[in-house]
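# Can you look at this prediction? I've put the sequence above it.
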Amino acid sequence: MESFALLLAATLNAGTVLAFAGLGLLINERAGIVNLGAEGLMLVAAIAGYATAVHSGSDTLAFAAGAAAGAVLSAAFGVMVIWLNTNQYASGLALSLFGVGFSAFAGIGYTQQKLTERPHFAIPGLADIPFIGPAFFRQHPMVYVAIALTAALAWFLYRSRAGLVLRAVGESPESAHALGYPVRRIRLAAVMVGGALCGISGAYISIVYTPLWVEGMVAGKGWIALALTTLATWRPARVLLGAYLFGGVTMLQFALQGEGVQMPSQFLTMLPYVATIVVLVLISRNASFIRVNMPASIGKPFFPGG
């Protein structure tokens with residue numbers, strides 16, 4: 001039971017990385033923008049957050065730096081695809097490649113750097129409950145922030161006027177423009193907020209999840225988060241559940257290795273990606289279900305007055 005509790009705790013920890021990034025990309029896509037640059041955003045944010053934590057000793061400043069890095073890079077991406085009408089997919093891939101290279105260059109001096117001793121968190125009273133306490137109530141505060149953010153985003157999208165406008169921009173930007181809404185500015189704001197959340201995810205990896213800096217440490221999690229938005233059919237609660245599902249698959253490989261399962265480590269490492277492909281294939285069999293839930297103008301450029 002103790003091992004299972006630790007596995008659940010590790011699942012929440014790993015799932016939080018995907019939750020922040022997935023929610024950020026969901027906001028992008030609800031506004032009609034596809035950002036394939038999540039991997040690069042997360043890497044740049046990871047080194048920005050790690051460098052800030054090394055020099056300041058403050059996790060709060062480190063997360064702020066990661067969010068800022070993600071927002072700034074996303075703003076540049078947004079200007080290209082929203083105002084200059086460059087191809088969203090090509091621009092996103094370019095952003096991802098830029099992030100991989102820039103983070104590797106900027107992080108050269110931080111490979112051997114160490115963070116200050118990591119604090120241990122526990123909710124008084126609840127953390128001492130057998131099994132439940134170690135599994136759920138000894139997490140970093142950002143784990144609970146991700147859960148609260150999921151609820152807040154669901155309320156925003158389906159219960160607020162601003163959320164309705166955002167979804168309208170993703171469904172039919174021409175109609176939203178005809179009603180007087182600044183479609184381009186709304187899309188840019190959505191892209192920057194989504195980028196900031198991807199940045200928080202990247203900072204979480206280097207500050208909490210590992211915590212260290214290694215070149216390429218995001219290791220495909222940005223691509224899994226991108227697939228997660230489709231798997232979740234663009235619903236915040238499903239993104240969170242999917243993040244924990246893939247977080248559990250990721251942690252399962254370490255649990256199996258710890259139990260002495262005789263299996264090549266490379267096979268265990270590829271489990272999360274195999275699971276992503278399998279679920280995508282299963283969902284893709286029902287194309288009508290995806291079309292009903294997918295924002296109608298996702299990935300399509302918008303030309304005001306065109």
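Yep, that arrived. Residues are numbered from 1 along each chain as shown.
# Please report phi then psi for residue 298.
Note on residue 298: backbone dihedrals following degrees, to the nearest 10 are phi -60, psi 130.
# need the contact list for it.
Applying Cβ atoms under 8 Å, 6 or more residues apart in numbering, we find residue 298 in contact with 29, 32-34, 170. All C-beta atoms are positioned from the backbone trio N, CA, C, and that covers glycine.
# Please indicate which of these are buried?
Listed as buried from these are 29, 32-34, 170; burial here means 16 or more other Cβ atoms under 10 Å.
# if we can go back for a sec, ok, the contacts of residue 298 vs residue 79, which is closest?
Residue 79 lies nearest to residue 33 out of those, by Cβ to Cβ, at 11.9 Å.
# Give me the contacts around stretch 118-128.
Applying Cβ under 8 Å, 6+ apart, the contact partners of stretch 118-128 are 132-134, 136-141, 208, 211.
# What is the most widely separated pair among the contacts of residue 298?
The widest separation within these (Cβ to Cβ) is 10.8 Å, between 34 and 170.
# Any stretches of the stretch 51-200 of the chain with poor pLDDT?
Applying pLDDT under 70 to the stretch 51-200 of the chain flags no residue at all.
# That one: helices as residue ranges?
If DSSP state H, counting those that start in this stretch is used as the criterion, the helices of the stretch 51-200 of the chain fall at 59-78, 88-106, 132-136, 141-159, 161-171, 173-178, 183-204.
# Of all those, which one is nearest residue 253?
Judged by Cβ to Cβ, the one of these that comes nearest to residue 253 is helix 132-136, at 19.0 Å.
# Give me the contact list for the closest one.
2, 4-6, 8-9, 12, 122, 126-127.
# Now do the helix or strand where residue 241 lies against helix 183-204, angle only.
Residue 241 is part of helix 236-258 when elements are defined by DSSP states H and E. In terms of direction (axes from the mean of the first three to the mean of the last three Cα atoms, to 10 degrees), helix 236-258 departs from helix 183-204 by 20 degrees.
# list the buried ones in helix 236-258?
236, 238-253, 255.
# helices and strands around that helix, which ones?
Helices and strands touching helix 236-258, by 3 or more Cβ pairs under 8 Å, 6 or more residues apart in numbering; DSSP states H and E, are helix 2-30, helix 141-159, helix 221-231, helix 265-269, helix 271-284.
# And the average pLDDT for it is what?
Taken as a whole, helix 236-258 has an average pLDDT of 84.
# distance between that helix and the chain's centre?
Relative to the centre of its chain, helix 236-258 is centred 14 Å away, using Cα atoms, centre = their mean, to the nearest Å.
# Ok, stretch 285-305 next?
Here stretch 285-305 is found 21 Å from its chain centre; the criterion is Cα atoms, centre = their mean.
# got the buried residues for that stretch?
Within stretch 285-305, the residues that count as buried by 16+ other Cβ under 10 Å are 294-295, 297-298, 301-302.
# likewise stretch 155-170?
Under 16+ other Cβ under 10 Å, the buried positions of stretch 155-170 are 156-157, 163, 165-170.
# which residues touch residue 41?
35, 69-70, 73-74, 95-96, 99, 195, 198-199, 202, 222 are the contacts of residue 41 under Cβ under 8 Å, 6+ apart.
# same deal with residue 99?
Contacts of residue 99 by Cβ under 8 Å, 6+ apart are 37, 39-44, 73.
# again, but for residue 14
If you count contacts by Cβ under 8 Å, 6+ apart, then residue 14 has 209, 246-248, 250-251 around it.
# Tell me the one of those nearest residue 186?
residue 246 (30.1 Å).
# hang on, isn't that closest one packed against residue 228?
Yes: look at residue 246 against residue 228 with Cβ atoms under 8 Å: they come within range, at 7.1 Å.
# which residues are common contacts for the two?
Taking Cβ under 8 Å, 6+ apart as the contact criterion, the common neighbours of residue 246 and residue 228 are residue 18.
# number of nearby residues for the nearest residue to residue 2 once chain neighbours are set aside?
Spatially, and ignoring its direct neighbours in sequence, residue 2 is nearest to residue 134 (7.4 Å; Cβ to Cβ, 6 or more residues apart in numbering). Here the count is done by other Cβ atoms under 10 Å, and residue 134 has 19 residues near it.
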